[in-house]
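# 3D, please:
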Amino acid sequence: MNNRKIVFLSSLLLLSFICQAQESPATWKGDTLFINTTAIGAEYHGYNGITPVVIAIYNRRVVSVTPLPNRETKSYFSMLKRASFFTRWNGLTVEKALEKHVDAVSGATYSSEAVAGNVKAGLYLAQETLGEEKKSLYALYYILPAALAIVLCCIVFLLIKKSKKKKE
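Just a heads-up that it's a prediction; the model follows:
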């Protein structure tokens, strides 16, 4: 088997592995859609880092927004819980929840804005998953790793080819 075939087959294997290894942020459990914003909301940072949430949607309505582990200061983040920040979207349709402006909790502004950004990113994905024609970053979740794998394989191929020429 020549080097080109080896590189091509290893590229396909790597691409397949990356696509399978990516866990979808949108998961159905029965009639309820769960959106995990760990990957899709990574750009929204609180004071100490990312603030991912899981959004549960049943019958096109937000049932709950649950915070996932994060590195926010516990006293500030607990301010969000005490202010019922995570329930502000409950009962709204996905479309109404996307339109809703949620005020930040005084004293925990960074955390509030990061959580709200995560919720919005998750709701866009939910809208797409539920069949709406709204743009979402969801496609990048799969396309970016695949593109990086292809670029990496091309670089490896060029290095092998260059190394082979030097030996000759």
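# in this structure, which spans are helices?
Counting by DSSP state H, the chain has these helices, from start to end: 3-21, 74-82, 94-99, 109-129, 138-167.
# And for Leu98, nearest residue in space, chain neighbours not counted?
Spatial nearest neighbour of Leu98, excluding adjacent residues (CB to CB, 6 or more residues apart in numbering): Leu123 at 4.9 Å. No exception for glycine: its C-beta is placed from N, CA and C like everyone else's.
# This structure - how does it break down into domains?
1-23+141-168, 31-136 (automatic domain parsing).
# Tell me where the model's unsure across this protein.
Judged by pLDDT under 70, the chain has its weakly predicted residues at 1-23, 132-147, 153-154, 167-168.
# for it, which residue is closest to the average position?
The geometric centre of the chain, computed from its C-alpha atoms, lies nearest to Ile40 (CA atoms, centre = their mean), at 1.9 Å.
# That residue and Val65: what is the separation?
Remark: distance between Ile40 and Val65 (CB to CB, to the nearest Å) = 14 Å.
# just Ser106 next, same as before
Distance, Ser106 to Val65, using CB to CB: 20 Å.
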